[in-house]
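Trainee: need a structure here:
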Amino acid sequence: MSLTVRLAVIFGMIAIGIAACQPSTKDQSEAYAPVFSPGETVDFEFESSGRRLSGIFDVPPGDTTKALIIIVHSYGETDVRNWVSYAEERRRFNAMGIATVLWDKPGLGRSEGRFDIDQSVHESAEEVLDAAAYLREIGAPGSDRIGLWGGSRAGWIAPLALSQDRSLEFWVSLSGTTAEDNFTYLLLSNLPYEGSNTEEVALLRAEWEAGCELFRTDGRYRDYLEATENLRANEYIKSMRGDWPGRLQFEVGQRRCKDGQCPNTDNVMCDYVWIENFDDLLASLNIDVLALFGDKDLNIDWRKTKRLYEQTIGRNARASLTTYVFEDADHALNKSETGSLKEMQSAKQRQKAEGYLDIQTRWLEQNVLASDP
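Mentor: Alright, predicted model coming up:
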């Protein structure tokens with residue numbers, strides 16, 4: 001996809017409909033089904049889009065597993081075994097009687113295929129659907145009550161999967177997303193920590209909006225260059241964004257637009273829109289949702305996401321929405337003084353915000369474990 005997406009990947013973040021989930025074959029269940037032993041972590045494999053994806057399944061101790069959480073990755077590479085990914089969360093959920101499962105992206109770890117940093121969120125959602133179907137088929141512990149858990153990019157993947165598989169029952173969203181890509185917000189919100197004062201930040205934001213307006217409305221390329229002169233000269237922005245479009249690229253891109261509207265493109269900042277009609281999709285989810293945010297998050301516009309959830313899921317009488325904002329927490333919900341990319345990159349030790357796991361476990365006890373399937 002775009003350089004925007006590749007750069008967003010570095011910082012951990014985060015429109016074709018996904019195909020309907022196809023049930024797994026009997027052969028797959030015989031070939032890949034693990035032996036689930038209480039208190040153990042076992043290898044887990046399933047097929048999606050003709051590839052064998054490989055990960056791990058944590059079986060809670062004891063005789064009864066009450067639910068199952070599918071952990072959905074954010075951006076970037078994965079190595080779930082060697083990195084012991086999400087170890088603290090998995091241990092806490094397992095202690096509650098909730099199984100967890102996660103797998104490596106295609107081409108990473110033991111998963112087949114080729115790793116694509118630009119893998120579409122629709123394809124990632126299809127992996128979740130295939131995994132859920134297979135887990136039910138083999139009768140995995142907790143598979144009669146499956147929910148999704150994930151941050152950042154998972155804010156697009158999870159709702160897509162939830163809208164396709166109505167048997168998925170709950171969703172824990174961490175630093176979730178709006179419909180559009182987060183790169184412009186990330187770039188401009190970090191300007192104050194890269195040497196720009198308030199006036200310069202306002203100027204650069206205005207130039208970005210002006211450039212977008214000229215692009216959408218068939219403006220001339222030379223006018224675009226003039227309108228974005230300071231923006232294109234800023235060293236931090238150049239280092240993050242890379243090359244700006246040349247005349248040919250600019251004009252070819254404009255041909256996709258009509259009457260000031262460009263396909264899959266936000267009207268204000270010209271950000272890529274990952275999911276069309278995202279608000280309608282969210283409003284259709286009849287599930288329990290816990291949405292967590294950090295008030296120092298400079299990667300995504302968490303206030304906008306929170307409002308979006310409240311105006312969609314929060315107004316659905318058949319759903320429930322609980323939101324919590326951690327003070328002094330960054331995009332990863334770690335304690336932070338600024339929430340800036342510079343601080344996130346330089347931090348030697350990272351500590352989750354106070355109550356990070358406690359809030360999740362209380363919510364799961366009240367909304368998942370205490371209710372009948």
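Trainee: any idea how far the nearest residue to Ser54 once chain neighbours are set aside is from Asp79?
Mentor: Once flanking residues are discounted, Ser54 sits nearest to Arg110: 3.7 Å by CB to CB, 6 or more residues apart in numbering. (Glycine included, C-beta is placed from N, CA and C.) Using CB to CB, to the nearest Å, Arg110 is found at 10 Å from Asp79.
Trainee: find the residues that touch each one of those two.
Mentor: Listed as contacting both Arg110 and Asp79 by CB atoms under 8 Å, 6 or more residues apart in numbering are Asp104.
Trainee: picking that back up, tell me if I'm right that the residue nearest to Ser54 and Val80 touch.
Mentor: No - using CB atoms under 8 Å, Arg110 makes no contact with Val80, being 9.3 Å away.
Trainee: now do the shared contacts for those two.
Mentor: Asp104.
Trainee: can you map out the strands along the protein?
Mentor: 41-48, 51-58, 67-72, 98-103, 146-151, 170-174, 288-294, 320-326 (DSSP state E).
Trainee: list the contacts of the residue nearest to Ser54.
Mentor: Contact analysis of Arg110 by CB under 8 Å, 6+ apart lists Glu45, Ser54, Arg81, Asp104.
Trainee: just so I know, which of the strands of the chain lies nearest Ala227?
Mentor: For the strands of the chain, distance to Ala227 was read as CB to CB. The smallest value, 33.5 Å, belongs to strand 288-294.
Trainee: residue contacts, Ala179?
Mentor: Applying CB under 8 Å, 6+ apart, the residues near Ala179 are Val273, Trp274, Ile275, Glu276, Phe278, Asp279.
Trainee: mind putting those residues into TSV with neighbour count and distance to Ala291?
Mentor: Formatted as TSV, the contacts of Ala179 follow (neighbours: other CB atoms under 10 Å; distance: CB to CB, whole Å):
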residue	neighbour count	distance to Ala291
Val273	18	20
Trp274	25	18
Ile275	25	17
Glu276	13	22
Phe278	21	15
Asp279	14	15
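Trainee: hmm, back to that, now the strands of the chain in CSV, with mean neighbour count and distance to Ala133?
Mentor: What follows is the strands of the chain, written out as CSV (neighbours: other CB atoms under 10 Å; distance: least, CB to CB, whole Å):
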stretch, mean neighbour count, distance to Ala133
strand 41-48, 19, 9
strand 51-58, 21, 13
strand 67-72, 25, 11
strand 98-103, 25, 13
strand 146-151, 26, 10
strand 170-174, 25, 18
strand 288-294, 24, 21
strand 320-326, 17, 25
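Trainee: wait, which of those strands is closest to Asn230?
Mentor: Nearest of these (CB to CB): strand 288-294, 30.3 Å.
Trainee: mean confidence score for that closest one?
Mentor: Averaged across strand 288-294, the pLDDT comes to 98.
Trainee: pairing partners for that strand, with directions?
Mentor: strand 170-174 (parallel), strand 320-326 (parallel) (DSSP bridges).
Trainee: pull the helix or strand with minimum mean pLDDT from the chain.
Mentor: Ranking every helix and strand in the chain by mean pLDDT, DSSP states H and E puts helix 3-10 at the bottom, with a mean of 40.
Trainee: tell me who's in contact with the closest residue to Thr184 other than its chain neighbours.
Mentor: Excluding the flanking residues, the one nearest Thr184 by CB to CB, 6+ apart is Met269, at 4.4 Å. Applying CB under 8 Å, 6+ apart, we find Met269 in contact with Glu180, Thr184, Tyr185, Trp208, Glu209, Cys212.
Trainee: let's see it at 7 Å
Mentor: Applying CB atoms under 7 Å, 6 or more residues apart in numbering to Met269 gives the contacts Thr184, Trp208, Glu209, Cys212.
Trainee: closest one to Gly242 out of the residues you listed, please.
Mentor: Nearest member of those to Gly242, counting by CB to CB, is Thr184, at 13.9 Å.
Trainee: and the end-to-end length of stretch 138-158?
Mentor: 22 Å (CA to CA, to the nearest Å).
Trainee: for it, buried residues please.
Mentor: Neighbour-count burial for stretch 138-158, counted by 16 or more other CB atoms under 10 Å, picks out 138, 140-158.
Trainee: sitting in helices, which of the residues you listed do you find?
Mentor: Ala154, Gly155, Trp156, Ile157, Ala158 (DSSP state H).
Trainee: so what's the nearest residue to the first one once chain neighbours are set aside bridging to?
Mentor: Closest residue to Ala154 apart from its sequence neighbours, by CB to CB, 6+ apart: Val72 at 3.9 Å. When bridges are assigned using DSSP bridges, the partners listed for Val72 are Gly150.
Trainee: where does the stretch 1-150 of the chain have low pLDDT?
Mentor: 1-32 (pLDDT under 70).
Trainee: from Asp165, how far off is Thr177?
Mentor: 20 Å.
Trainee: what about those two, which has more around it?
Mentor: Thr177 (29 against 18; other CB atoms under 10 Å).
Trainee: who are the contact partners of the more buried one?
Mentor: Contacts of Thr177 by CB under 7 Å, 6+ apart are Ile14, Ser152, Gly155, Trp156, Ile300, Thr305.
Trainee: tell me the pLDDT of the fifth one.
Mentor: Going back to what we said before, that points to Ile300. Note for Ile300: predicted pLDDT of 97.
Trainee: roughly how far does it sit from Leu174?
Mentor: For Ile300, the distance to Leu174 - CB to CB - is 11 Å.
Trainee: in this structure Ile157 contacts Ala125, no?
Mentor: Yes - counting by CB atoms under 7 Å, Ile157 touches Ala125, with 4.9 Å between them.
Trainee: hang on, the earlier thing: distance to Asp58 added to the contacts of Ala179, as CSV?
Mentor: Listed next are those as CSV, based on distance: CB to CB, whole Å:
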residue, distance to Asp58
Val273, 35
Trp274, 30
Ile275, 30
Glu276, 36
Phe278, 31
Asp279, 35
